[in-house]
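**Q** the amino acid sequence is not available; the structure is as follows:
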């Protein structure tokens, strides 16, 4: 939550807009649920937000480390890299060599760190390339055509026909994007795309964030048939909260 508030401030939002936007994220259902159960996603998103904030304050080298940490938690952490790279290309282009090396350090740290972390976990170092290939190959086999899961859903369902996915019945934990946010995803992101076309800092960053962490799932789902779930939308919630918070503060 703190990282997200700092991101809002770095994007030039005034105090009221920062508070409204952060309020939406803090009380969003997936934020509560993912931070309360034994899953990796909350750590993944935390490091992604840290990477965004560090990039926006021009701490490029440390931002690369944060991307590495996000990816070590869950491979989807790598989706933060296109957001930062495209945003830098469109808006900054400062210190190109240093920026390029900082972003290149993310995969470098990723592959050099895996053997040591696996040694701590399983007792012996592993080959980072074969380890990554193993993770990807196992993931690729979990498809809609091979398995059946009543709670699995396609990426477009998360926005157009969202449903509730239960984790536990007792205690009662369910994955669903808060309806107050889910109902506004499409109009809010259309508005962000409009602002992005006018080089508005929040509109541009929110649009890139939404594209890299959500829209890429649509062609990926069609091409690979990979089984997916509503909580895969969790890394994108911040982009939508940015959009809704900015729009509401402007209306006010």
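**A** That came in fine, so what should we check first? Everything quoted here is computed from the prediction, not taken from an experiment.
**Q** can you spell out which helices and strands pack onto the helix ranked longest in the chain?
**A** The single longest helix within the chain, with elements called by DSSP state H, is helix 96-122. Contact here means 3 or more Cβ pairs under 8 Å, 6 or more residues apart in numbering; DSSP states H and E; on that basis helix 96-122 packs against helix 60-73, helix 80-91, helix 128-140. Just so you know, the C-beta spots here come from the backbone N, C-alpha and C atoms, and that holds for glycine as well.
**Q** so which elements touch the shortest one?
**A** Contacts of helix 80-91 with other secondary structure elements, assessed using 3+ Cβ pairs under 8 Å, 6+ apart, are made with helix 41-56, helix 60-73, helix 96-122, helix 201-210.
**Q** now these as a markdown table including mean neighbour count?
**A** A markdown table is the format used below for those (neighbours: other Cβ atoms under 10 Å):
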| stretch | mean neighbour count |
| --- | --- |
| helix 41-56 | 23 |
| helix 60-73 | 22 |
| helix 96-122 | 15 |
| helix 201-210 | 23 |
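**Q** just confirm residue 242 contacts residue 21, I think it does.
**A** Yes - between residue 242 and residue 21 there is a contact at 5.8 Å, judged by Cβ atoms under 8 Å.
**Q** comparing the two, which residue is more hemmed in?
**A** Shown here are residue 242 and residue 21; by other Cβ atoms under 10 Å, residue 242 has more neighbours (30 against 27).
**Q** ok, residues contacting stretch 121-137?
**A** 75, 110-112, 114-116, 118-119 (Cβ atoms under 8 Å, 6 or more residues apart in numbering).
**Q** including pLDDT and distance to residue 236, could those go into a markdown table?
**A** Shown next, in a markdown table, are the contacts of stretch 121-137 (pLDDT from 0 to 100; distance: Cβ to Cβ, whole Å):
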| residue | pLDDT | distance to residue 236 |
| --- | --- | --- |
| 75 | 93 | 16 |
| 110 | 93 | 22 |
| 111 | 93 | 27 |
| 112 | 93 | 29 |
| 114 | 91 | 26 |
| 115 | 92 | 32 |
| 116 | 91 | 31 |
| 118 | 89 | 30 |
| 119 | 92 | 34 |
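**Q** distance to residue 247 added to those residues, as JSON lines?
**A** Output for the contacts of stretch 121-137, formatted as JSON lines (distance: Cβ to Cβ, whole Å):
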{"residue": "75", "distance to residue 247": "32"}
{"residue": "110", "distance to residue 247": "36"}
{"residue": "111", "distance to residue 247": "41"}
{"residue": "112", "distance to residue 247": "43"}
{"residue": "114", "distance to residue 247": "42"}
{"residue": "115", "distance to residue 247": "47"}
{"residue": "116", "distance to residue 247": "45"}
{"residue": "118", "distance to residue 247": "45"}
{"residue": "119", "distance to residue 247": "49"}
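**Q** which among these gets closest to residue 48?
**A** Using Cβ to Cβ, residue 75 comes nearest to residue 48 of these, at 12.2 Å.
**Q** now the closest one: closest residue in space, sequence neighbours ignored.
**A** Excluding the flanking residues, the one nearest residue 75 by Cβ to Cβ, 6 or more residues apart in numbering is residue 135, at 6.6 Å.
**Q** ok, now residue 156?
**A** That would be residue 218: by Cβ to Cβ, 6+ apart, it lies 6.2 Å from residue 156.
**Q** do the same with residue 243
**A** In space, residue 243 is closest to residue 188, 3.7 Å off (Cβ to Cβ, 6+ apart).
**Q** that neighbour and residue 245 touch, don't they?
**A** No - using Cβ under 8 Å, residue 188 makes no contact with residue 245, being 9.4 Å away.
**Q** hang on, residue 240 packs against residue 191?
**A** No - Residue 240 is beyond contact range of residue 191, at 11.1 Å (criterion: Cβ under 8 Å).
**Q** neighbour count winner among the two?
**A** Shown here are residue 240 and residue 191; by other Cβ under 10 Å, residue 240 has more neighbours (27 against 20).
**Q** good, we can wrap up now.
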